[in-house]
Each structure stands twice: as C-alpha cells, then as structure tokens.
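S.K.: Prediction below, plus the sequence it came from.
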Amino acid sequence: MNFKQIYLTFSLSSLLLYSFPSHAVELCGKLAQGEILVGKDSPVDVVFKQQTIRRTPQGEFLIAFGRDENSKQTLTFLDDPKNPQSVELEVSPTKWDIQNIKGVPPRKVTPSNQDIKDIEKEQKLVRKALQNNSPQSFWKKGFIQPIQGRISGQFGGQRIMNGVKRNPHAGMDIAAPEGTMVKASSDGIVTLAEPNLFYSGNVVILDHGFGLHTIYAHLSQIDVKVGQQVSQGETIGLVGKTGRATGPHLHWGASLNGVKFNPQSLLNINKANDFCFIL
Ligand SMILES: [Zn+2]
C-alpha cells in the first residue's frame with residue numbers, strides 16, 4: 001500500500017465514522033411509560049441509564065421505560081468517546097387503570113411473618129432470573145401472545161385488594177380456563193421454572209437475550225426445566241390459579257434489565273406495522 005492508498009483509506013474510514021451521526025439511528029415503538037422500543041442502525045455504542053447496552057452486529061438495541069419513568073430520558077451515542085452525542089427523549093405519561101380486586105384470600109393481601117420470608121425468597125429468585133443479560137438475540141424473532149382470552153388486568157393498574165392499596169400490576173392478566181396451554185411468546189432459554197411461590201404460584205421465566213425476559217405466573221403445571229431452550233409457540237405450562245389469584249388466568253410479565261414494562265408492547269417488535277422514527 002502506497003502513501004496515497006493509506007491516505008485514502010484513512011479519509012474514507014473517518015468519513016464513514018462521521019457520516020453516521022447519532023440522528024441517523026431509528027427507534028421503533030412508542031415513546032411512553034411502560035413501553036419497549038427497538039433501536040436500529042447504530043454503528044456505535046449506545047449508553048442508556050449510565051450503561052453501555054448490547055447491540056447486534058446490525059446495530060440493533062433495546063430500551064424500555066418503566067411504569068413511573070421520568071419524562072426526560074437520554075440516549076448517548078459514542079461516535080467519538082471524547083465527544084459523545086446525546087439525544088433527549090421525551091417520554092409521554094401513560095394513564096394507568098385503577099383495579100379493584102375483591103375476594104383475594106386475606107393472607108395473600110396481608111402476609112404473616114412466615115409468608116414474608118417466602119415473599120423474600122420469591123423476590124430473590126425472580127430478581128436473579130431477570131438479571132441475566134445474554135448475548136443471543138432470540139427477541140429478534142418477535143413475540144406472540146402466550147394465550148388468547150379476555151384481558152382481566154392491564155399492566156400498570158393501581159391495585160386495591162379487598163379494599164387495601166397494593167403495588168401496581170407488573171404484568172398483564174389474561175383469563176382462560178384452567179389447563180389452557182401456555183405458549184412461549186418467543187424463542188428463549190428457561191431461566192426459572194419454580195413451583196409454589198407466594199405471589200406467582202408456579203412460574204416460568206424465559207430469557208430472550210439482551211436482558212429481555214418474559215414471565216408466566218399462576219400456572220397449574222410447568223412443562224419445562226431451567227436451561228432448556230424453547231421455541232416460540234411451544235407449550236411451557238398450563239393455565240392455573242396458583243399463588244395470589246382469584247381465578248384461573250395467566251399473568252404475563254416482561255422485563256428488560258430488571259425494568260418491568262407492558263408485555264403488550266412486545267407484540268409489535270420487528271413487525272411491519274411497528275411505528276418507527278429517526279432520531
Ligand atoms: Zn397479574
């Protein structure tokens with residue numbers, strides 16, 4: 001390689017570097033509380049909430065906003081580590097339901113000391129399962145609703161149980177007859193398959209890569225084991241009413257790096273009708 005070629009290669013690579021400013025990156029999804037969004041075409045590292053997040057070789061990444069997320073969020077693109085480019089995101093508020101739930105067994109609303117120990121054990125197990133941040137991008141396949149049925153509880157609803165104010169609803173409830181087959185909403189690895197937890201009853205958690213997980217609670221039966229790889233649509237268990245439930249339903253939850261969001265927003269991932277905008 002002569003001097004001229006070296007010079008050309010150098011100027012071309014710097015041109016490439018600077019011809020992809022952060023604003024050429026695309027975001028798909030809704031900029032609102034409780035939503036997940038897919039970023040596309042970022043040729044450089046992306047920082048969200050002080051963390052450099054995973055990117056596919058094609059430059060795709062995931063961000064999610066929790067139920068009570070602040071309206072001002074920042075995405076930073078490390079085009080040049082000495083001069084990072086930040087984009088301010090305006091996150092719209094979502095109006096959450098009030099859910100009045102009656103007929104909950106009293107000890108599931110006001111737990112005893114022994115129950116509190118069981119609850120702590122459950123929280124530890126679930127937190128650990130949701131911590132995984134694996135490099136496989138199973139999530140790129142997109143997601144399906146794990147069962148069909150009436151939505152009996154939306155994500156984010158402020159719950160009042162037997163008249164007592166409780167934590168907001170961290171997932172979506174779909175009512176269905178006991179024994180209905182529950183399908184994996186996308187390809188993934190089973191990271192939790194645990195019977196008899198205080199709130200969740202029999203529960204399965206799937207890891208879809210990049211810190212994204214889905215949760216399936218109150219099952220009457222678990223059909224998978226930890227470490228098992230499942231395909232989208234495969235039966236992972238049956239609908240039940242184990243744990244804190246007043247009737248048979250599936251509690252379907254979703255979490256990105258520990259941030260719970262509305263699993264319904266997964267249904268648009270990598271679908272033609274998803275709403276995308278350029279940053
Ligand atoms: Zn639920």
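M.R.: On my side now, so go ahead.
S.K.: CA atoms of whichever strand or helix holds Leu130 as CSV?
M.R.: Using DSSP states H and E, Leu130 sits in helix 113-131. Taking C-alpha atoms only, helix 113-131 is exported to CSV below (Å, rounded to 0.1, in the frame of the first residue of the first chain):
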residue,chain,number,x,y,z
ASN,A,113,-44.2,-13.4,59.2
GLN,A,114,-43.6,-16.8,57.6
ASP,A,115,-45.2,-15.6,54.4
ILE,A,116,-42.9,-12.5,54.4
LYS,A,117,-39.9,-15.0,54.4
ASP,A,118,-41.4,-16.8,51.4
ILE,A,119,-42.0,-13.5,49.6
GLU,A,120,-38.4,-12.5,50.2
LYS,A,121,-37.3,-15.9,48.8
GLU,A,122,-39.5,-15.4,45.7
GLN,A,123,-38.2,-11.8,45.1
LYS,A,124,-34.6,-13.1,45.3
LEU,A,125,-35.3,-15.9,42.8
VAL,A,126,-37.1,-13.7,40.4
ARG,A,127,-34.7,-10.9,40.6
LYS,A,128,-31.8,-13.3,39.9
ALA,A,129,-33.6,-14.8,36.9
LEU,A,130,-34.3,-11.4,35.5
GLN,A,131,-30.6,-10.3,35.9
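S.K.: Remind me what it packs against, helices and strands.
M.R.: Helix 113-131 sits against strand 188-197, strand 201-207, strand 212-219, with contacts defined as 3 or more CB pairs under 8 Å, 6 or more residues apart in numbering; DSSP states H and E. C-beta here means a position set from N, CA and C on the backbone, and glycine is covered the same way.
S.K.: got the residues of the stretch 151-279 of the chain near the ion?
M.R.: Residues of the stretch 151-279 of the chain lying near the ion by CB under 5 Å from the ion: Gly171, Asp173, His251.
S.K.: Touching, the first one and Phe155? I think so.
M.R.: Yes. The pair Gly171 and Phe155 qualifies as a contact (CB atoms under 8 Å) at a distance of 6.0 Å.
S.K.: what sits in contact with each of those two?
M.R.: Listed as contacting both Gly171 and Phe155 by CB atoms under 8 Å, 6 or more residues apart in numbering are Lys260, Pro263.
S.K.: before we move on, back to that, go through the helices and strands packed on helix 113-131 and pick out the most buried.
M.R.: strand 212-219 (a mean of 26; mean count of other CB atoms under 10 Å).
S.K.: Would you mind checking the average pLDDT for that strand?
M.R.: The average pLDDT for strand 212-219 rounds to 98.
S.K.: What's the end-to-end length of stretch 77-84?
M.R.: 6 Å (CA to CA, to the nearest Å).
S.K.: buried stuff in stretch 260-277?
M.R.: Neighbour-count burial for stretch 260-277 flags Lys260, Phe261, Asn262, Pro263, Gln264, Ser265, Leu266, Asn268, Ile269, Asp274 (criterion: 16 or more other CB atoms under 10 Å).
S.K.: Show residues contacting the helix holding Leu130.
M.R.: With contacts defined as CB under 8 Å, 6+ apart, helix 113-131 is touched by 107, 111, 191-192, 194, 197-200, 203, 205, 207, 213, 215, 255, 258.
S.K.: and Ser92, how many neighbours?
M.R.: 12 (other CB atoms under 10 Å).
S.K.: Same check on Pro135?
M.R.: 8.
S.K.: how close does it get to the ion?
M.R.: To the ion, Pro135 is 30 Å away according to CB to the ion, to the nearest Å.
S.K.: now do Glu90
M.R.: Glu90 sits 30 Å away from the ion, taking CB to the ion as the criterion.
S.K.: what residues are up against Val109?
M.R.: Contacts for Val109 (CB under 8 Å, 6+ apart) come out as Met161, Asn162, Val164, Arg166.
S.K.: In ChimeraX, how would I select the buried members of these?
M.R.: Applied in ChimeraX, the following selects the buried portion of those according to 16+ other CB under 10 Å:
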select :161,166
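S.K.: which residues touch Asn162?
M.R.: So Asn162 contacts Ile101, Lys102, Gly103, Val104, Pro106, Val109 (CB under 8 Å, 6+ apart).
S.K.: Phi and psi next, for the last one.
M.R.: The phi and psi torsions at Val109 (degrees, to the nearest 10) take the values phi -100, psi -40.
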